[in-house]
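Predicted coordinates and the sequence they were generated for:
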Amino acid sequence: SCHKGHDKYFKYLATKTGYRFIQNDHDNPLQFPDCELTKVWGLVRHGTRLPGDKIISKMKNDLTTLQQEIIDNYSQDKSNLCDISKFKSWTPHFELNREEKSLTMEGQRELLALGKRLRNRFPTLLNQKFDNDTFFFKYTKTQRTQESAFRFVEGLFGREASTEVWYPRSVKQDPILRFYKACEKWRHTVDHNPASFEEQEKFTSSKIYRQTVAAVSRRLGFERNLTAVEIKLMYTTCGFETAWSPGFDSPWCSIFTVKDLEVLEYAEDIDYYWIDGHGYPLTGKIACPAFQDMMNHIGSSSPRHTVFYFTHSGTLLKFLTHLSLYNDSSPLLHNNYAHMRERKWRVSQIDAFGTNLVFANYRCKNNRNHLLTLHQEIPVLLPGCQELLCPLETIQATYRTSLHECEFEQMCKHEGGGKSTGSLREENTDHDEL
Ligand SMILES: O=C(O)[C@@H](COP(=O)(O)O)OP(=O)(O)O
């Protein structure tokens, strides 16, 4: 029988997952008896964007070649697809002619809607008239985070009032919003260290991965095996196209089975685990300046009650890692795929476009402060906490090292050979090129 496709693609699209697949639509006000909301602090990944230049060009060129080959294979009765019509009518997405990595129309909608839902959840603070003394918003020096901030703020205050918001000048290496860019030691020993992508590389040459490649190649009617790079391009396109257009059924998704996608997703999870996750202790540690910024805001007596930062995948993942969330008891390795099936570290869920982490401080009976943590708009239990609304002292105790031993300069000082930066990692795996 021919290969039909399914409707679960969206679950396996890694960091290219659109936010609508994970958003929480229940936006009733969050209220706790005898508690009053006093502060909100949020870290938000920009919404759905376009790919980087390299991928845009591959989508326009290499993918169009593959499309033609797939159509030819089908007409020669070589392939196992049930339906070729989606391939025949496919063309590269119209937004691809815009600037690389810019926020897409769907990305704008994601942030606008997120702003509205947060306003509904925290009406006492967020459903207030905008004031530069009480609200603070900042983005990194990129179009996608700037535009995300604009749409989010529009969701909070409405279009007209949103134009009055003042933003600080964005900087290239923001010490809070993109702290790792200034950490030489992390750049050398993690980001550009060949050992960091060893597990992913070994996984892509493992039997299970090769079987996946072979199965997809046969299904599409190729006599040769497609390369891992070609498979990855089709998978990435499946992710982006699914994120960009609600209701659009991308032909590049329909070629995969759930089993294939689980394998491809694991390769992504391994990659992010070693670069932005629990793979190396330094990675989570260097998020302490951002963590401190949150704690300072929560505890401050200034009139500013709400802070939101618009930033990137690398920041969100390192912050989650710093909190020790989604920390599996075994590392993600090339040879423990089956063992890690129920893993917590799943970037499709924890690092989709529009990913957000929000801390809300409540002052409760006897003036005791409690922190509520929302990841993807869902309350999460921090380590050491017994309840979702967790006493601030408990959090201060759990994270005392990050509060008292955050010598960023010191921990980021790189002593060691004059190895070049940048060139060690294979070009097509660098996260900021994807
Ligand atoms: O900025 C990018 O290109 C990537 C990776 O960034 P870093 O982790 O290198 O900051 O993050 P995204 O924008 O997709 O959230």
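Arrived safely, thanks for sending.

Surely Thr373 is within a strand?
Yes. Assessed with DSSP: H, G, I helix; E, B strand; the rest coil, Thr373 lies in a strand.

Could you check how far the helix or strand harbouring Glu198 is from the centre of its chain?
For Glu198, the element it lies in under DSSP states H and E is helix 198-204. Offset of helix 198-204 from its chain centre (C-alpha atoms, centre = their mean, to the nearest Å): 21 Å.

What are the contacting residues of the helix or strand just after that helix?
Sequence order places helix 207-219 as the next helix or strand after helix 198-204, per DSSP H and E. With contact meaning C-beta atoms under 8 Å, 6 or more residues apart in numbering, helix 207-219 is reached by 3, 79-81, 203, 224-228, 231, 234, 255-257, 259-260, 263-264, 267, 337. Where C-beta positions appear, they are placed from N, C-alpha and C, glycine not excepted.

Sort out for me which of those residues are in helices.
Of the contacts of helix 207-219, the ones assigned to helices by DSSP state H are 203, 228, 231, 234, 259-260, 263-264, 267.

which parts of stretch 167-176 are buried?
For stretch 167-176, a neighbour-count test (16 or more other C-beta atoms under 10 Å) marks 170, 174, 176 as buried.

is it anywhere near the ligand?
No. Using C-beta under 6 Å from any ligand atom, no contact is recorded between stretch 167-176 and the ligand, whose separation bottoms out at 10.6 Å.

for that stretch, what is the average pLDDT?
In this model, stretch 167-176 has an average pLDDT of 96.

Using PDB, write down the CA coordinates of it.
Backbone C-alpha positions of stretch 167-176 (Å, rounded to 0.1, in the frame of the first residue of the first chain) are rendered in PDB as follows:
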ATOM      1  CA  TYR A 167      12.700  51.100  24.300                       C
ATOM      2  CA  PRO A 168      16.300  51.300  25.200                       C
ATOM      3  CA  ARG A 169      18.900  51.100  22.400                       C
ATOM      4  CA  SER A 170      19.600  47.500  21.500                       C
ATOM      5  CA  VAL A 171      23.200  46.300  21.700                       C
ATOM      6  CA  LYS A 172      25.000  43.500  19.900                       C
ATOM      7  CA  GLN A 173      26.300  41.700  22.900                       C
ATOM      8  CA  ASP A 174      23.600  42.400  25.500                       C
ATOM      9  CA  PRO A 175      25.000  41.200  28.900                       C
ATOM     10  CA  ILE A 176      21.500  40.100  30.000                       C
END
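
Pull up the distance across stretch 97-113, start to finish.
End-to-end distance for stretch 97-113: 26 Å, by C-alpha to C-alpha, to the nearest Å.

just how off-centre is that stretch within its chain?
With C-alpha atoms, centre = their mean, you get 15 Å for stretch 97-113.

Go through it and flag the buried ones.
100-101, 103-104, 106-113.

One more: stretch 178-190?
Neighbour counts over stretch 178-190 (16+ other C-beta under 10 Å) mark 178-183, 185-190 as buried.

just how off-centre is that stretch within its chain?
19 Å.

same deal with stretch 35-50?
Worked out by C-alpha atoms, centre = their mean, stretch 35-50 lies 14 Å from the chain centre.

That stretch: which residues count as buried?
35, 37-50.

what does stretch 196-211 give?
Buried-residue list, stretch 196-211, by 16+ other C-beta under 10 Å: 196-197, 199-201, 203-204, 206, 209.

Closest one to Asp249 out of the residues you listed, please.
Nearest to Asp249 among these is Tyr209, at 25.8 Å by C-beta to C-beta.

so where do the strands sit in the stretch 101-250 of the chain?
135-139 (DSSP state E, counting those that start in this stretch).
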